[in-house]
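A.B. asks: Need the 3D shape of this:
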Amino acid sequence: MKNKGDSWIEYSNYEKHYIEDTKRGHKITLLSKDGSKLEINCVWPDRERDHAGRASTIKNSSMI
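C.D. replies: Model (predicted):
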């Protein structure tokens, strides 16, 4: 069920995907058969990863 503000996309010619952890979330890359790609950078508004890769709440989230 779609809610107000929800988005939906169909990515034609999909071949493979990669998910990479970033300091502030995840980067999702979709590759198509013609060599083009779509990158989605998912950023947490109030979390970040430490040096070991564990995510935790930012104590001072004014840096956003």
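
A.B. asks: Show me the residue at the heart of this protein, geometrically.
C.D. replies: Cys42 (2.8 Å; CA atoms, centre = their mean).

A.B. asks: I figured that residue hits Ile28, correct?
C.D. replies: Yes: Cys42 is within contact range of Ile28, at 6.8 Å (criterion: CB atoms under 8 Å). For every residue, glycine as well, the C-beta is placed using N, CA and C.

A.B. asks: Identify the contacts common to the two.
C.D. replies: Counting by CB atoms under 8 Å, 6 or more residues apart in numbering, Cys42 and Ile28 have no common neighbour.

A.B. asks: what about the closest residue to Ser12 other than its chain neighbours, how many residues close to it?
C.D. replies: Distance criterion CB to CB, 6 or more residues apart in numbering; nearest residue to Ser12, sequence neighbours excluded, is Ser32 at 7.3 Å. Neighbours of Ser32 under the rule other CB atoms under 10 Å: 14.

A.B. asks: start the count at 21, not 1, going forward
C.D. replies: All right, first residue 21 from here; so that's Ser52.

A.B. asks: gap between Ser52 and His37?
C.D. replies: Distance, Ser52 to His37, using CB to CB, to the nearest Å: 10 Å.
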